[in-house]
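K.L.:
just the structure for this:
(4 chains)
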Number of protein chains: 2
Amino acid sequence: MAHECKVETALDILVGKWKPVILFHIFQKETLRFGELHRLVPDITKKMLTTQLRELEYHDIINRKVYAQVPPKVEYSITEYGKSLTPLLESMHQWGVSHIEHLDEIYGEDQMENNK
Amino acid sequence: MAHECKVETALDILVGKWKPVILFHIFQKETLRFGELHRLVPDITKKMLTTQLRELEYHDIINRKVYAQVPPKVEYSITEYGKSLTPLLESMHQWGVSHIEHLDEIYGEDQMENNK
DNA sequence: TGACATAGTATAAAAAAAGATACCTAGGGG
DNA sequence: CCCCTAGGTATCTTTTTTTATACTATGTCA
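P.N.:
The predicted structure follows:
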């Protein structure tokens, strides 16, 4: 009980079809409004975007700042704590890139995309 | 296009409710029979176990060795390539452990388990 | 007065993932 | 002959995620 596998804890924060790309943009720009983010990730629905952002907020990865004005303005930014994810995301990205190459070596690049 | 976010590629290999724990055991023992693994992860159904193992095999993370005998014997083991996941898993685990502490600091340990 | 803009909610439907259960294979032992 | 074993498949149902669509609030501008 004392020292189990907590890989899943990290996974929890990253899963959801959209979290990686959302994080990617928020990491890039430091601060983004809801609408800007939506424009950067156009295929996501507002509902999904909201859900994902709230989950990230719950985990203290991003910050939500509401301006009391009309029309509304809400800015999202990475938290200080959230920055601790950087090396992990970087490692995952690296591994991902080389894994794609590896799959390519094994199966050939012809039928990429139907991996998994 | 050339250099997007491949975090998802790494995620793909780890997601699925059971992959982390399956990998954990296979990493531990170096070689495990289907049934042994099933006993180590009793709550999974055979179908799920099979599915997850096949996906890991497809990605060249684990090896499946079938012995031509009756009753059947099939052994799973981590591949050489699969070992390249070790540092990543280790990092994820570390981050997970400290994240649990962090959530605890923020919300108190009273209502752990309903995180997310 | 009425349309516009932003950041959402609410509700329902569709799609994907996981679970439950039954069945198959073929050789060895009784 | 029949049953046992190990490692699966085949189907079907349930649960969880994701999507689609419509609707809301409220200052400001014309």
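K.L.:
okay, CA-based contacts and neighbour counts for the rest of this
P.N.:
Noted.
K.L.:
what about the helices in chain A?
P.N.:
Using DSSP state H, the helices of chain A run over residues A:7-14, A:19-29, A:34-40, A:46-58, A:86-107.
K.L.:
possible to save those as a markdown table with mean pLDDT and mean neighbour count?
P.N.:
Rendered in a markdown table, the data for those read as follows (pLDDT from 0 to 100; neighbours: other CA atoms under 10 Å in any protein chain shown):
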| stretch | mean pLDDT | mean neighbour count |
| --- | --- | --- |
| helix A:7-14 | 95 | 20 |
| helix A:19-29 | 96 | 17 |
| helix A:34-40 | 98 | 15 |
| helix A:46-58 | 98 | 17 |
| helix A:86-107 | 96 | 16 |
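K.L.:
looking at these, which is nearest to DNA strand D?
P.N.:
Distances from DNA strand D to each of the helices of chain A were compared using CA to the nearest atom of the strand; the minimum, 5.1 Å, belongs to helix A:46-58.
K.L.:
who are the packing partners of that closest one?
P.N.:
Using 3 or more CA pairs under 8 Å, 6 or more residues apart in numbering or on different chains; DSSP states H and E as the contact test, the elements touching helix A:46-58 are strand A:62-67.
K.L.:
the strand it packs on and chain B, are they touching?
P.N.:
No: using CA under 8 Å from any CA of the partner chain, strand A:62-67 stays clear of chain B, with a minimum separation of 13.7 Å.
K.L.:
next, the contact list for A:Arg33, please.
P.N.:
The contact partners of A:Arg33, by CA atoms under 8 Å, 6 or more residues apart in numbering or on different chains, come to A:73-76.
K.L.:
6 Å instead?
P.N.:
A:74-75 (CA atoms under 6 Å, 6 or more residues apart in numbering or on different chains).
K.L.:
also A:Trp95?
P.N.:
With CA under 6 Å, 6+ apart, A:Trp95 has no contacts at all.
K.L.:
do you know how far it is from A:Pro72?
P.N.:
Between A:Trp95 and A:Pro72 the computed distance is 40 Å (CA to CA, to the nearest Å).
K.L.:
up against DNA strand C, what does chain A have?
P.N.:
Of all the residues in chain A, those in contact range of DNA strand C (CA under 7 Å from any atom of the strand) are A:33-36, A:46-47, A:50, A:70-75.
K.L.:
let's see stretch A:56-73 as PDB, backbone CA atoms only.
P.N.:
Listed next in PDB are the C-alpha coordinates belonging to stretch A:56-73 (Å, rounded to 0.1, in the frame of the first residue of the first chain):
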ATOM      1  CA  LEU A  56      -6.800  21.000 -15.100                       C
ATOM      2  CA  GLU A  57      -7.700  23.800 -12.800                       C
ATOM      3  CA  TYR A  58      -8.700  21.400 -10.100                       C
ATOM      4  CA  HIS A  59      -5.300  19.800 -10.300                       C
ATOM      5  CA  ASP A  60      -3.700  23.200  -9.900                       C
ATOM      6  CA  ILE A  61      -2.100  22.900 -13.300                       C
ATOM      7  CA  ILE A  62      -3.700  26.000 -14.800                       C
ATOM      8  CA  ASN A  63      -5.200  29.200 -13.400                       C
ATOM      9  CA  ARG A  64      -8.500  30.700 -14.200                       C
ATOM     10  CA  LYS A  65      -8.900  34.400 -13.900                       C
ATOM     11  CA  VAL A  66     -12.300  35.900 -14.400                       C
ATOM     12  CA  TYR A  67     -12.600  39.600 -15.200                       C
ATOM     13  CA  ALA A  68     -15.900  41.100 -13.900                       C
ATOM     14  CA  GLN A  69     -16.900  42.700 -17.200                       C
ATOM     15  CA  VAL A  70     -19.400  42.200 -20.000                       C
ATOM     16  CA  PRO A  71     -19.000  40.500 -22.300                       C
ATOM     17  CA  PRO A  72     -17.100  38.100 -20.000                       C
ATOM     18  CA  LYS A  73     -13.300  37.800 -20.100                       C
END
